[in-house]
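Chemist: Below are the sequence and a predicted model for it; my questions follow.
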Amino acid sequence: MKPESSAALALSITRRALLGACGFSIPVAVAAPSLWRREADQSQGRVASVQPEVYIDAPFKAGPFRTNQLKSPQPYTIGIPDESMILEAKKITFMGRAPGMKNVMLRIGPNWFPTKLTPDGSWSSEIDLTEHANGPFVFDVLSWDGSEGNFSININVRVHLFLVGGRDETPPVEVPAGHPAAGMALAVLMHGKVDEGWRV
């Protein structure tokens, strides 16, 4: 005799109760306690709670991050190994996970990039860094557990990266009139040679 529960939840044991000396027996299906809880949760439409957190999986690994900046603002700049900081100027797919979050955006400088967020919390976004300036830049991952203006959790991550193979650029230098450095040149030592760089 098969238990009455469905095949997917067929966790039961059968006990045989003997009645007197007549040899009659009655199969008694006893479901495991974990099954009772699972069936009760499903019948009431409950969903297991998820710890809101953020991971970065590519092009480098970091995480998990769980600080809710909305309730307890804290510095969210993280450090990663030096070799992981260097990126080549090309199209790069940034990937990670953000279980418990509904929106994930990436930011490089003033530029914002949307991500593809799947139901399991995985996110990804391809960013073209081909024309980005060489040198250091800041990369942000920002996430929320709701829509704009309607969220209670905000988890952010900031990483300092370094781009190579991109566009050479002279950073702007502004020196007020009368400053002791006005008219001077910045000497940069590269490969044992002094290269006169930016004039201020």
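Modeler: That came in fine, so what should we check first? All values derive from a computational prediction rather than experimental measurement.
Chemist: Counting neighbours, what do you get for residue 100?
Modeler: Residue 100 is flanked by 16 other residues according to other CB atoms under 10 Å. Heads up, the C-betas are built off the backbone N, CA and C, glycines and all.
Chemist: ok now do it, which residues does it touch?
Modeler: Applying CB atoms under 8 Å, 6 or more residues apart in numbering to residue 100 gives the contacts 50, 51, 52, 53, 121, 145, 153.
Chemist: Then residue 126?
Modeler: 91, 92, 93, 94.
Chemist: would you say it is within a strand?
Modeler: Yes. Assessed with DSSP: H, G, I helix; E, B strand; the rest coil, residue 126 lies in a strand.
Chemist: in the protein, which spans are helices?
Modeler: 33-43, 82-85 (DSSP state H).
Chemist: Quick one: mean pLDDT for the last one?
Modeler: Here the mean pLDDT over helix 82-85 is 93, rounded to a whole number.
Chemist: likewise the longest one?
Modeler: With pLDDT averaged residue by residue, helix 33-43 scores 44.
Chemist: Start the count at 572 instead of 1 going forward.
Modeler: Sure thing, new numbering starts at 572, so read that last one as helix 604-614.
Chemist: Quick check: which ranges of the protein have low pLDDT?
Modeler: Applying pLDDT under 70 to the chain picks out residues 572-619, 742-771.
Chemist: got the domain boundaries for it?
Modeler: 578-614, 625-735, 741-771 (automatic domain parsing).
Chemist: Write a PyMOL command that selects only the buried members of the contacts of residue 671.
Modeler: A single PyMOL command selects the buried members of the contacts of residue 671 (16 or more other CB atoms under 10 Å):
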select buried, resi 623+624+692+716+724
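Chemist: closest to residue 708 among the contacts of residue 671?
Modeler: Nearest to residue 708 among these, counting by CB to CB, is residue 624 at 25.0 Å.
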